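Enquirer: prediction below, plus the sequence it came from.
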Amino acid sequence: MAGELGHVIDQPDGPTGALVLASPHSGRRYPDDLLRASRLDALTLRRSEDSFVDELFAPAMQVGAPMIRAHFPRAYVDLNREPWELDPGMFDGPLPDYCNTRSPRVQAGLGTIARIVASGADIYARRLTVAEGLERIRRLYQPYHRDLAALIEDRRRRFGHAILIDCHSMPSIGGPLDFDPGRRRADFILGDVHGNACAAALVDTVAGALRRFGYRVTLNAPYAGGFTTAHYGRPADGVHALQIEVNRDLYMDERRYARKPALSRIAGELRQVMAEVAAITTQRLAQ
């Protein structure tokens, strides 16, 4: 664990396998310095949060998969970005030259330290100091990715391959800043960076299992996979990464941030889906 605010790695009971679960956006410990600096109330700040995703996927640990999950919220540090995607307009001085200040995500206000929440509302009432921005990344982002990389490499070395499932949720309806404004989304969207982050066998296994439960599943639109999927997914090296986006309306009240009774049922279904994933062999992934 990287401090009380940082992250934790939950280990399964019994033997582990090649599967790793990551929940980077379900953190709901909102630090005091964020609340003091924000122009938004605590409820509005949660619009970027993948609420309860860690709970949805927790039963999947029973198939031998550790889960790494952040305690801090996405609005504080976004772990699904490059480490230094920063908006210079948010800070009180010049950023270091190594920062990526021109990525599409930065331009949209959704860098490693976001300028806006998912609804488009500005987070901060003041400019951050450069020092506090860099310190967040060094204290929270870097330890998370160091531990995630170690989990993946340990599996690849021990089992001949590693499978990373990056666990997320999405609003049920596309927002005004999204690629699908006003449209009802599928139940699950799988992102494999357009075939570059994992073998087709992984996508087929997950999509097929979810469809047998009656869910509508689509691929790569509007979510093809973020930094984590693209960065860690190296099929040629035996590391396969897949992003899963769950429609929030399935398991929670999106306005009140409250669990629906269906959450426990869906969590059980996801455990069965991940059991099929855990059973995929190195040979099948290589086909």
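Expert: Nice, I can see it.
Enquirer: can you list contacts of stretch 209-223?
Expert: Applying Cβ atoms under 8 Å, 6 or more residues apart in numbering, the contact partners of stretch 209-223 are 168, 170, 174, 178-180, 186-194, 203, 207, 243, 245, 269, 272-273, 276. For the C-beta atoms, the positions are set from N, CA and C on the backbone; glycine is no exception.
Enquirer: hang on, isn't residue 139 packed against residue 4?
Expert: No. Between residue 139 and residue 4 there is no contact under Cβ atoms under 8 Å: 11.6 Å.
Enquirer: the residue nearest to residue 286 when sequence neighbours are not counted: how many residues sit nearby?
Expert: Closest residue in space to residue 286, ignoring its immediate chain neighbours: residue 199 at 7.4 Å, by Cβ to Cβ, 6 or more residues apart in numbering. Using other Cβ atoms under 10 Å, residue 199 has 22 other residues around it.
Enquirer: measure residue 199 to residue 103 for me?
Expert: Per Cβ to Cβ, to the nearest Å, residue 199 is found 28 Å from residue 103.
Enquirer: so which bits of stretch 81-94 are buried?
Expert: 81, 82, 83, 84, 85, 86, 87, 90, 91 (16 or more other Cβ atoms under 10 Å).
Enquirer: next, the fifth one: phi, psi?
Expert: The phi and psi torsions at residue 85 (degrees, to the nearest 10) take the values phi -80, psi 100.
Enquirer: look up the closest residue to it, ignoring the ones flanking it.
Expert: The nearest residue in space to residue 85 (Cβ to Cβ, 6+ apart) is residue 111, at 4.1 Å.
Enquirer: and the one you found, that's in a strand?
Expert: No. Going by DSSP: H, G, I helix; E, B strand; the rest coil, the assignment for residue 111 is coil, not a strand.
Enquirer: so for residue 139 and residue 4, which sits in the more crowded spot?
Expert: Counted by other Cβ under 10 Å, residue 139 and residue 4 do not tie: residue 139 has more neighbours, with 15 against 10.
Enquirer: look at the more buried one and report its pLDDT.
Expert: You'll see residue 139 listed with a pLDDT of 97.
Enquirer: for it, give its distance to residue 106.
Expert: 21 Å.
Enquirer: which of the residues in the host helix or strand of residue 204 are buried?
Expert: Using DSSP states H and E, residue 204 sits in helix 200-212. Across helix 200-212, burial judged by 16+ other Cβ under 10 Å covers 201, 202, 203, 205, 206, 207, 209, 210.
Enquirer: the third one contacts residue 191, doesn't it?
Expert: No. With contact taken as Cβ under 8 Å, residue 203 and residue 191 are classed as non-touching, separated by 9.5 Å.
Enquirer: quick check: neighbours shared by these two?
Expert: With Cβ under 8 Å, 6+ apart, residue 203 and residue 191 have common neighbours 219, 242.
Enquirer: what residues does stretch 177-189 touch?
Expert: For stretch 177-189, the external contacting residues (Cβ under 8 Å, 6+ apart) are 108, 118, 120, 170-175, 210, 215-223, 244-247, 250.
Enquirer: now with 7 Å, please.
Expert: Stretch 177-189 has contacts (Cβ atoms under 7 Å, 6 or more residues apart in numbering) with 120, 170, 172-175, 210, 215-218, 222-223, 244-247, 250.
Enquirer: equivalent analysis for stretch 34-47, please.
Expert: Around stretch 34-47, the neighbours that count as contacts under Cβ under 7 Å, 6+ apart are 30, 75-76, 117-119, 121-126, 128, 257.
Enquirer: then stretch 98-109?
Expert: Applying Cβ under 7 Å, 6+ apart, the external contacts of stretch 98-109 come out as 81, 82, 84, 85, 86, 87, 88, 95, 111, 115, 116.
Enquirer: now the helices for the stretch 101-250 of the chain?
Expert: 104-107, 130-136, 142-159, 200-212, 227-232 (DSSP state H, counting those that start in this stretch).
Enquirer: just the CA coordinates for the fourth one, please, in PDB.
Expert: What follows is helix 200-212 as a C-alpha-only set of coordinates in PDB (Å, rounded to 0.1, in the frame of the first residue of the first chain):
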ATOM      1  CA  ALA A 200      -8.600 -11.800 -30.000                       C
ATOM      2  CA  ALA A 201      -9.100 -14.900 -27.800                       C
ATOM      3  CA  LEU A 202      -9.400 -12.700 -24.700                       C
ATOM      4  CA  VAL A 203     -11.900 -10.300 -26.300                       C
ATOM      5  CA  ASP A 204     -14.000 -13.200 -27.600                       C
ATOM      6  CA  THR A 205     -14.000 -15.000 -24.300                       C
ATOM      7  CA  VAL A 206     -15.200 -11.900 -22.400                       C
ATOM      8  CA  ALA A 207     -17.700 -10.800 -25.000                       C
ATOM      9  CA  GLY A 208     -19.100 -14.300 -25.400                       C
ATOM     10  CA  ALA A 209     -19.500 -14.900 -21.600                       C
ATOM     11  CA  LEU A 210     -21.300 -11.500 -21.100                       C
ATOM     12  CA  ARG A 211     -23.600 -12.100 -24.100                       C
ATOM     13  CA  ARG A 212     -24.600 -15.500 -22.600                       C
END
